[in-house]
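A.B. asks: whatever this is, show me its structure:
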Amino acid sequence: PMRANLDSYFSPFVGFYSAKGIGWALLFYPFAALAMAENEGRARQLFVTGMASGLATSSAFILWERHSFPGLFNLAHEYRVTGPFSAMHVGGAYVEGYLIGALPFAACLAIRFGPSVRGLASMALLAGATYALLVTHSRGAYLALVAASAAFVLPLGLAMLRGKRGRLGHAIAGLVVVGALATGVIALGRGETMQQRFATVLADGQTRIDHWARSLRMVETRAAGWAVGIGPGQFSSTYFWRPDAIDVPSRIIYGSDDQDTFVRIGSGATTFVSQFVDVVSDSRYVFNARVRASRTPAEFSFPLCEKWLLDSFGCVWTTVTIEGAPGQWTSVHRELNTQELQYARALTGRPVKLSLFNPNPSTFIDITAVSLRDSIGRELVGNGSFSAGPDRWIFTTDSHLAWHAKNLPIHVLVELGAIGLLLFFAVMVRSMLTTGRHALEGDVFAATLLASVVGMLTVGLTDSLIDAPRLATMLFLLVEIGVLLGWSPSRRMITAGTT
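C.D. replies: The predicted model follows:
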């Protein structure tokens, strides 16, 4: 029997995974309301510090990733960073969504600290985060940078003209944002990959439009689908069985029989099941596994690649043929030489992943007893029997359309229906009206929240975004903090009593 994979996109419990992002934000709301009511200034300060800390950590991670793989200044290379976002294993715009949502908080700190050491540190963080955003090579991210910058500068500029705040602070704000945009323009002008990405806008746009049309047709599969949608987290499993689906990826299932536990990799668009292994360059290793296929002869590949999440560099690619009767276990034994992994060095080198891959059409293969040992017999693979399900393993795919609607409003409409979409827009508009009103009074924190939400929603024009729980939590945290600006229960009760 096949095990119930609670963390699978095809699990009946996937709706809980999808909904937990909003759930965490809702649980946070009463505590945020209490903090804002008791000491709004202190709550603002803590929130800005927390967001800036997360931005610094993620930006530093992306700088390491760029340095380790294509190089910090090799803008011509098509490598697209994924940072610390494991949800990117099925594609998506999570890294740029997070960066654009957090980046305005660096500008907020730069204004707060002014011409000081901490102000310069904030400017450095803003420059580093802008670089991290640009090397995602995401056109939606570039548009979001412009939109967020406008949402930050314009209301504060109007407030300055109306004499609501001092000119120095808003001049610094303008310089910060203009500097970030100038950095982006320079990078765009020098990077061949970015220029090529913009050159294919029309062709890629048509692909997105066709995909959006297929996504909307999924609503018709459920009774009252247009009103309530197909259910949270149900996009992938519904898309998988659609007759008009394209580039359907291989399905990954962790299963067991009377004697073995194993991973089953189906046929479809390129999908890898991988884990990090402590492998270094120019060394010898021994690979062992047991495999079986639904049809024989069949091929089984197990590349060792310098890889973080999606893009591979140097690889030792090995493919074997599975013989024997269909469904019969076969042992695989190979000696591997990692001479081609030139930059796989301990501590300072590129990370290396062992991947399992099914290159066969209309055939699934089962794999168990995966082992990789070094020259002294040390085992490098964890959970090679898959007795702990997917622990230590992660699947990645080159086919991204099957997992996302690739548009935030369409995603909400498909999974939650028109009712969910109206509620979503109502919450977003309510928050932006509140933050916009405060920003026009010269409130830099309000302008920061407005810029963050506008930036994330702009990324949402070309990606679902909130189908990753952490991004959903972040967006709704920004929204609810915006709604709470200037809100004080004590003041409201006093006003009501006086009236």
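A.B. asks: number of residues surrounding residue 243?
C.D. replies: By the measure other C-beta atoms under 10 Å, the count of residues near residue 243 is 4. (C-beta placed from N, C-alpha, C; glycine too.)
A.B. asks: and it, helix, strand or coil?
C.D. replies: Three-state assignment for residue 243 (DSSP: H, G, I helix; E, B strand; the rest coil): coil.
A.B. asks: same question for the one 3 residues further on.
C.D. replies: Each residue gets one of three states, and residue 246 gets coil by three-state DSSP.
A.B. asks: for residue 321, same thing?
C.D. replies: Assigned state for residue 321: strand (three-state reduction, three-state DSSP).
A.B. asks: quick one: it from residue 397, how far?
C.D. replies: 24 Å (C-beta to C-beta, to the nearest Å).
A.B. asks: residue 97 is in contact with residue 85, correct?
C.D. replies: No - here residue 85 does not reach residue 97: they are 9.1 Å apart, not a contact under C-beta atoms under 8 Å.
A.B. asks: which parts of the stretch 201-350 of the chain are strands?
C.D. replies: Counting by DSSP state E, counting those that start in this stretch, the stretch 201-350 of the chain has strands at residues 252-256, 261-265, 271-277, 284-293, 298-301, 304-307, 312-316, 319-322, 330-337.
A.B. asks: now those strands in TSV, with mean neighbour count, mean pLDDT and distance to residue 37?
C.D. replies: Formatted as TSV, those follow (neighbours: other C-beta atoms under 10 Å; pLDDT from 0 to 100; distance: least, C-beta to C-beta, whole Å):
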stretch	mean neighbour count	mean pLDDT	distance to residue 37
strand 252-256	19	92	47
strand 261-265	22	97	51
strand 271-277	21	97	46
strand 284-293	19	98	59
strand 298-301	19	98	59
strand 304-307	24	96	48
strand 312-316	19	93	51
strand 319-322	16	97	63
strand 330-337	14	97	62
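A.B. asks: which one of those strands lies closest to residue 359?
C.D. replies: Among the strands of the stretch 201-350 of the chain, the nearest to residue 359 by C-beta to C-beta is strand 298-301 (5.2 Å).
A.B. asks: after the lengthiest helix in the chain comes which helix or strand?
C.D. replies: Taking DSSP state H as the criterion, the chain has its longest helix at helix 14-68. With elements assigned by DSSP states H and E, the helix or strand that comes after helix 14-68 is helix 94-113.
A.B. asks: which helices and strands does that following helix pack with?
C.D. replies: Using 3 or more C-beta pairs under 8 Å, 6 or more residues apart in numbering; DSSP states H and E, the elements in contact with helix 94-113 are helix 14-68, helix 117-134, helix 139-161, helix 167-190, helix 444-459, helix 469-483.
A.B. asks: beta partners for residue 293?
C.D. replies: Under DSSP bridges, the beta-bridge partners of residue 293 are residue 365.
A.B. asks: that one contacts residue 322, doesn't it?
C.D. replies: Yes - Residue 293 is within contact range of residue 322, at 4.7 Å (criterion: C-beta under 8 Å).
A.B. asks: which residues do those two both contact?
C.D. replies: Residues within reach of residue 293 and of residue 322 at once, by C-beta atoms under 8 Å, 6 or more residues apart in numbering, are 300, 365.
A.B. asks: now what about stretch 424-444, what contacts it?
C.D. replies: Counting by C-beta under 8 Å, 6+ apart, 108, 111-112, 155-156, 158-160, 164-165, 169-170, 173, 409, 412, 416, 445-447, 449-450, 453-454, 457, 476, 478-480, 482-483, 485-486 sit against stretch 424-444.
A.B. asks: list the buried residues in it.
C.D. replies: 424, 427-428, 431-432, 434-436, 438-444 (16 or more other C-beta atoms under 10 Å).
A.B. asks: in which helix or strand does residue 409 reside?
C.D. replies: Going by DSSP H and E, residue 409 is part of helix 408-439.
A.B. asks: run a quick neighbour tally on residue 423.
C.D. replies: 12.
A.B. asks: from residue 416, how far out is it?
C.D. replies: Taking C-beta to C-beta as the measure, residue 423 falls 8 Å from residue 416.
A.B. asks: re the thing from before, the strands of the stretch 201-350 of the chain: which one's closest to residue 65?
C.D. replies: When the strands of the stretch 201-350 of the chain are compared for distance to residue 65 using C-beta to C-beta, the nearest one is strand 304-307, at 11.1 Å.
A.B. asks: returning to what we had before: return the most buried member of the helices and strands packed on helix 94-113.
C.D. replies: Each of the helices and strands packed on helix 94-113 was scored by mean neighbour count; the highest is helix 444-459, a mean of 27, by mean count of other C-beta atoms under 10 Å.
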